[in-house]
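> Next comes the sequence, and after it the predicted model I'd like to discuss.
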Amino acid sequence: MKKSLTILLLTSALCSAGNYPLTTCVVSGEKLGEMGEPYVFTYKGTEVKLCCDQCKPKFDKNPAKYMEKLAPQAGK
């Protein structure tokens with residue numbers, strides 16, 4: 001629980017500042033923007049960008065897995 005909260009707080013702070021930490025989709029690994037405009041949504045107060053809307057159902061099945069990919073970037 002504490003790990004999830006820490007991840008959420010770190011990603012929330014970084015993303016809300018307008019500095020999205022990744023250049024790739026957390027689901028597919030594809031470069032954001034190569035398939036048109038990224039699919040952007042907010043998950044528990046944190047902006048998430050996917051390469052396309054087809055990745056959203058995969059994200060929804062296990063959001064914690066994909067949110068963890070954003071957290072390591074918060075320290076950079």
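Sure, I can see it.
> So which residues of the chain form helices?
2-16, 56-61, 63-70 (DSSP state H).
> Out of these, which gets the lowest mean score?
Here the lowest mean pLDDT among the helices of the chain goes to helix 2-16, at a mean of 49.
> Determine the number of other residues adjacent to the nearest residue to residue 40 once chain neighbours are set aside.
Nearest in space to residue 40, with sequence neighbours left out and distances taken as C-beta to C-beta, 6 or more residues apart in numbering, is residue 49 at 5.1 Å. C-beta here means a position set from N, CA and C on the backbone, and glycine is covered the same way. Residues near residue 49, counting by other C-beta atoms under 10 Å, number 21.
> is it true that residue 49 touches residue 37?
No - between residue 49 and residue 37 no contact is recorded; they are 9.5 Å apart, counting by C-beta atoms under 8 Å.
> circling back: got a pLDDT number for the residue nearest to residue 40?
Residue-level confidence at residue 49 comes out at 97, pLDDT.
> Check residue 73 too.
Listed pLDDT for residue 73 reads 59.
> residue contacts, residue 50?
Listed by C-beta atoms under 8 Å, 6 or more residues apart in numbering, the contact set of residue 50 reads 25-28, 38-41, 56, 59.
> what about the closest residue to it other than its chain neighbours, how many residues close to it?
Once flanking residues are discounted, residue 50 sits nearest to residue 39: 4.4 Å by C-beta to C-beta, 6+ apart. In terms of burial, residue 39 registers 19 neighbours under the definition other C-beta under 10 Å.
> Relative to residue 29, how far out is residue 39?
As judged by C-beta to C-beta, to the nearest Å, residue 39 and residue 29 stand 15 Å apart.
> And residue 68, by the same measure?
14 Å.
> and these two? which has more neighbours close in?
Taking neighbours as other C-beta under 10 Å, residue 68 and residue 29 compare with residue 68 leading, 15 against 9.
> could you flag which of the contacts of residue 50 are buried?
Buried positions within those, assessed by neighbour count (16 or more other C-beta atoms under 10 Å), are 25-27, 38-39, 59.
> Kindly present the residues you listed as CSV, with separate columns for distance to residue 19.
Formatted as CSV, the entries for the buried ones among the contacts of residue 50 read as follows, by distance: C-beta to C-beta, whole Å:
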residue, distance to residue 19
25, 17
26, 16
27, 21
38, 15
39, 19
59, 21
